[in-house]
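# fold the following, please.
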Amino acid sequence: EPPVSAPPTPRREPTAPATPVADADAAPLPMPRRAKPRNVRGYTEELGGSPVAAKTVPLRHDVDPAMMENLREALAVIGIEMTFAGEALIADRMGRGASIGEALSQVVLFAFAHAVAEDARAGEQLQALGLTDYAVDVIAEFERLRDAGEIDGDRLEEDMRRLWTLVGDSPDRLRLAEELLQDPVGGLTPPALLPEDLRPVEES
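Next up is the predicted model:
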């Protein structure tokens, strides 16, 4: 018998080459969608306005640490505790030409201004606790410094006059306290703390 021939191979139509798969690492990242504009003004107004740069008291100074410690001890004698802000205030005033005693009287003046302003917000109880009597003793101590030649008479008179206004019954006492607290150094934070029995409970 004649040999059986193989069936003809079906002809395949040419197909388009397959699209090569790109490397996953080389694939471009999807473009982010542009965020919708936010009502920034309304957002900040809900939180009390746009944020402002915080004001700080410079704590670095070139005043002799031993002298600063002596001033700290001098205030401790009359029951006043000087803070780091007080050191900054002393350095600032001495840098402007004030004497040591004048700078120290400024620390005390601003300490009373801070106490009076805080007392006004807390219900005004310092007068009943003896603030005025204590101020009399403080003024007497500074008069001794004046008599010893440590403080100029005019400078002391001005500072002590304002201190007396702060602790008295003058209608201008709160206005003066707020005016003093506008000082860029002495007004930011208390340069010294009054005795514990003349501080708000939370500070004690």
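# this protein: strands as residue ranges?
In the chain, the strands defined using DSSP state E lie at 81-82, 192-193.
# now those strands in TSV, with mean neighbour count, mean pLDDT and distance to residue 161?
Heads up, the C-betas are built off the backbone N, CA and C, glycines and all. Listed next are the strands of the chain as TSV, based on neighbours: other C-beta atoms under 10 Å; pLDDT from 0 to 100; distance: least, C-beta to C-beta, whole Å:
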stretch	mean neighbour count	mean pLDDT	distance to residue 161
strand 81-82	20	96	22
strand 192-193	22	96	19
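# tabulate the ones you listed in CSV, adding columns for distance to residue 106.
Shown next, in CSV, are the strands of the chain (distance: least, C-beta to C-beta, whole Å):
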stretch, distance to residue 106
strand 81-82, 12
strand 192-193, 10
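# nearest to residue 149, out of those?
Evaluated over the strands of the chain, closeness to residue 149 peaks at strand 81-82, with 22.4 Å, by C-beta to C-beta.
# just checking: what are the partner strands of the closest one?
Paired strands of strand 81-82, with direction, are strand 192-193 (antiparallel) (DSSP bridges).
# show residues contacting the partner strand.
Contacts with strand 192-193, where a contact means C-beta atoms under 8 Å, 6 or more residues apart in numbering, come from 75, 80, 81, 82, 83, 86, 107, 108, 110, 111, 199, 203.
# low pLDDT regions in this structure?
For the chain, the stretches flagged by pLDDT under 70 are 1-62, 200-204.
# what is the longest helix seen in it packed up against?
Secondary structure assigned by DSSP state H gives helix 100-122 as the longest helix of the chain. With contacts taken as 3 or more C-beta pairs under 8 Å, 6 or more residues apart in numbering; DSSP states H and E, helix 100-122 sits against helix 65-77, helix 84-95, helix 131-147, helix 153-167, helix 173-180, strand 192-193.
# the same query, at a cut-off of 6 Å, please.
helix 84-95, helix 153-167, helix 173-180 (3 or more C-beta pairs under 6 Å, 6 or more residues apart in numbering; DSSP states H and E).
# what's the separation between residue 156 and residue 133?
Separation of residue 156 from residue 133 (C-beta to C-beta, to the nearest Å) stands at 20 Å.
# which one's more surrounded, the two?
Comparing residue 156 with residue 133 by other C-beta atoms under 10 Å, the one with more neighbours is residue 156, at 19 against 9.
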